[in-house]
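>>> have a look at this prediction, sequence included:
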Amino acid sequence: MRQFVRSLLPLLALLPQPIAAQVISYDLAFVEADPAPVSPVPDNGSERVVELAQPQASHGGQAYGPFRLIDDSRAALEGITDETSVAAFEAMLRDHPGIATIEMIDCPGTEDDRANLRLGRMIRARGIATHVPGDGFVGSGAVELYLAGVRRRAEPGAEFAVHSWEDDTGREPGDYAADAPQNRAYLDYYRAMGMSEDEARSFYAMTNSVPFSSAKWMTAGEMDRWTRFDDPARKPLPVQADAPQFARAAPASPATRPVIYGPFRVIDDTHAAMAGVTDARTPAAFEAMLRDYPGIARLDMVDCPGTEDDRANLRLGRMIRAKGLVTYVPANGWVASGAVELFLAGTQRSAEPTARSAVHSWEDDTGRGPNDYSVDAPKNRSYLDYYRTMGMSEGEARAFYAMTNATPFARAQWLSTADMAHWTRLQPSPASDPAPRGTFAQAMPGSRGGLASAAY
């Protein structure tokens, strides 16, 4: 898994932003084939927190980590997020699927930036709005969560704070190349939240204009110059020349709440989105969704880190294929690890040019991987048979499987849409110009760099 830096919080505690040089920009749920228990985040994980002199007190309500239930449609966020917050958020929505707004009351930042960015993507994928009340505070890593709202609003009197990050070597964003993984992680996140590339770079530069050991404080009005509030009752403040306004998602009707089935969200009668990790319960959730919405024909794969149960995941893929669904990865979407098998399940597959995929080898609970078993052992054959079911020839299945296994379990190989087009035939994108087209690589392992180690 990825390593993230951790720094002590100086003075006004501003957080180190995460990512060490070899780090990937997303928190992948790389759990495949008899998964081993997930290890806690190591001590060198990043944290980004702005401390207040007088933390506000929490008030009642059922708590899920830093989240507190207000009513059936609202939850409050109070406190610092960490590696457990993603699971807490999932548990809250499982128990209260109607939540549509997060009230950001007292949000100093995060102790785990990779988990925080994943949490933000989940908030966006669930169609939840963010709101900061007049006495609310949003600082550091919590600003990313505020941006995740499909609708964003802050009352006069609300405060925001941003600053640069610093890694455990003492380096800050300017010490790395503009598109180094340490910087790209945030730019990609802002793009996923609706910014153009120029808007993302401008906003990121603004946050990094303040050193790690300090903070830039902003009022609600100043934040409004960087992201439009969704409050039709008042006019936005004039926009500064150096502060582009973000492109916003179209506000959903307040009366419309997404219908959730595990990691699936119904968009309309023919269209569903997927965000999150699959597990042993996901096939049943998929069946329930199609029982209630039998006309669903397309699955948008928005934020898909992988699976906690590979056998259930392969079964789910066969169900997707049997139901005749098409799979699509939008411009800011990504599929990784076990989710790649689900993308392959589409009777037609398409992805926007800026979508990304990640593959890697698996490891079982004995610490062994594919190459520790014979080529046709059941553990390997289950994948090869699956790829055959998805339309590959035996040679294509072996070549694709070798490519995925060329990268160790603890790492990941990122693939662009053009890369994926070399391995699986892609159809034109439903939302834009056709994605790159290609056929499966016909070469045997060893022809695409590092594949020879798969020994097929």
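Sure, I can see it. Residues are numbered from 1 along each chain as shown.
>>> run a quick neighbour tally on Phe89.
Phe89: 25 surrounding residues under other Cβ atoms under 10 Å. The way it works is simple: take the backbone N, C-alpha and C, and place the C-beta from them, glycine included.
>>> so which elements touch whichever strand or helix holds it?
Using DSSP states H and E, Phe89 maps to helix 85-95. If you count contacts as 3 or more Cβ pairs under 8 Å, 6 or more residues apart in numbering; DSSP states H and E, helix 85-95 packs onto strand 63-64, strand 67-71, helix 113-125.
>>> convert the C-alpha atoms of it to PDB, please.
Only the C-alpha atoms of helix 85-95 are listed here, as PDB (Å, rounded to 0.1, in the frame of the first residue of the first chain):
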ATOM      1  CA  SER A  85     -13.600   8.000   8.900                       C
ATOM      2  CA  VAL A  86     -14.400   6.300   5.500                       C
ATOM      3  CA  ALA A  87     -15.800   3.200   7.300                       C
ATOM      4  CA  ALA A  88     -17.700   5.500   9.700                       C
ATOM      5  CA  PHE A  89     -19.200   7.400   6.800                       C
ATOM      6  CA  GLU A  90     -20.200   4.200   5.000                       C
ATOM      7  CA  ALA A  91     -21.800   2.900   8.200                       C
ATOM      8  CA  MET A  92     -23.800   6.100   8.700                       C
ATOM      9  CA  LEU A  93     -25.200   6.000   5.200                       C
ATOM     10  CA  ARG A  94     -26.000   2.300   5.500                       C
ATOM     11  CA  ASP A  95     -28.100   3.100   8.600                       C
END
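>>> tabulate the CA atom coordinates of the following helix or strand past it in CSV.
Later in the chain than helix 85-95, the nearest helix or strand by DSSP H and E is strand 101-107. The C-alpha coordinates for strand 101-107 follow below in CSV (Å, rounded to 0.1, in the frame of the first residue of the first chain):
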residue,chain,number,x,y,z
THR,A,101,-26.6,17.4,3.6
ILE,A,102,-23.4,17.5,5.8
GLU,A,103,-23.3,20.5,8.2
MET,A,104,-19.6,21.3,8.7
ILE,A,105,-19.5,22.7,12.2
ASP,A,106,-15.9,22.4,13.5
CYS,A,107,-13.6,20.8,11.0
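>>> show me the shaky parts of the stretch 101-250 of the chain.
Across the stretch 101-250 of the chain, the ranges flagged by pLDDT under 70 are 168, 228-250.
>>> try it again at 50.
Applying pLDDT under 50 to the stretch 101-250 of the chain flags the ranges 231-250.
>>> ranges for the helices of it?
For the stretch 101-250 of the chain, applying DSSP state H, counting those that start in this stretch gives helices covering 113-125, 141-147, 181-192, 197-208, 220-224.
>>> need these in TSV (columns: distance to Arg381 and mean neighbour count).
Shown next, in TSV, are the helices of the stretch 101-250 of the chain (distance: least, Cβ to Cβ, whole Å; neighbours: other Cβ atoms under 10 Å):
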stretch	distance to Arg381	mean neighbour count
helix 113-125	33	25
helix 141-147	43	27
helix 181-192	35	21
helix 197-208	44	17
helix 220-224	55	19
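>>> so for Ala399, which of those helices sits nearest?
For these, the distance to Ala399 is smallest for helix 181-192, at 28.0 Å, taking Cβ to Cβ.
>>> which strands and helices lie in contact with the closest one?
Right, helix 181-192 is packed against helix 113-125, helix 141-147, helix 197-208 by 3+ Cβ pairs under 8 Å, 6+ apart.
>>> work out the gap between the shortest one and the centre of the chain.
Computed by Cα atoms, centre = their mean, to the nearest Å, the chain-centroid distance of helix 141-147 equals 14 Å.
>>> just the longest one next, same as before
Going by Cα atoms, centre = their mean, the spacing between the C-alpha centre of helix 113-125 and its chain's C-alpha centre is 6 Å.
>>> over to stretch 144-151?
Counting by Cα atoms, centre = their mean, stretch 144-151 is centred 13 Å from the centre of its parent chain.
>>> using CSV, list the CA coordinates for it.
Listed next in CSV are the C-alpha coordinates belonging to stretch 144-151 (Å, rounded to 0.1, in the frame of the first residue of the first chain):
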residue,chain,number,x,y,z
GLU,A,144,-11.4,19.3,0.4
LEU,A,145,-14.5,17.8,2.0
TYR,A,146,-16.4,21.1,1.7
LEU,A,147,-15.5,21.1,-2.0
ALA,A,148,-17.0,17.6,-2.4
GLY,A,149,-20.5,18.8,-2.0
VAL,A,150,-22.6,18.6,-5.1
ARG,A,151,-24.1,21.8,-3.7
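>>> in what helix or strand does Glu341 lie?
For Glu341, the host element (DSSP H and E) is helix 338-344.
>>> no, scratch that, I was asking about Ala272
Assigned by DSSP H and E, Ala272 falls in strand 271-275.
>>> quick one: mean pLDDT for that strand?
Mean per-residue pLDDT for strand 271-275: 91.
>>> who does that strand pair up with?
Partners of strand 271-275 in the sheet, by DSSP bridges, are strand 264-268 (antiparallel), strand 298-304 (parallel).
>>> would you reformat those as a markdown table and include mean neighbour count and distance to Tyr373?
Shown next, in a markdown table, are these (neighbours: other Cβ atoms under 10 Å; distance: least, Cβ to Cβ, whole Å):
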| stretch | mean neighbour count | distance to Tyr373 |
| --- | --- | --- |
| strand 264-268 | 18 | 33 |
| strand 298-304 | 23 | 27 |
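>>> for the ones you listed, which one sits closest to Thr84?
Shortest distance between Thr84 and the strands paired with strand 271-275, using Cβ to Cβ, is found for strand 298-304: 18.7 Å.
>>> next secondary structure after that closest one?
Downstream of strand 298-304, the first helix or strand assigned by DSSP H and E is helix 310-322.
>>> ok, and what's touching that following helix?
31-35, 278-283, 286-287, 299, 307, 327, 338, 341-342, 344-347, 362, 382-383, 386, 389-390 (Cβ atoms under 8 Å, 6 or more residues apart in numbering).
>>> among the residues you listed, name the ones in helices.
Among the contacts of helix 310-322, the members falling in helices (DSSP state H) are 282-283, 286-287, 338, 341-342, 344, 382-383, 386, 389.
>>> before we move on, back to that, can you flag the buried ones in the contacts of helix 310-322?
31-33, 35, 278-279, 282-283, 286, 299, 307, 327, 338, 341-342, 344-347, 362, 383, 386, 389-390 (16 or more other Cβ atoms under 10 Å).
>>> picking that back up, chain center to the helix holding Phe89: distance?
Helix 85-95 sits 15 Å away from the centroid of its parent chain (Cα atoms, centre = their mean).
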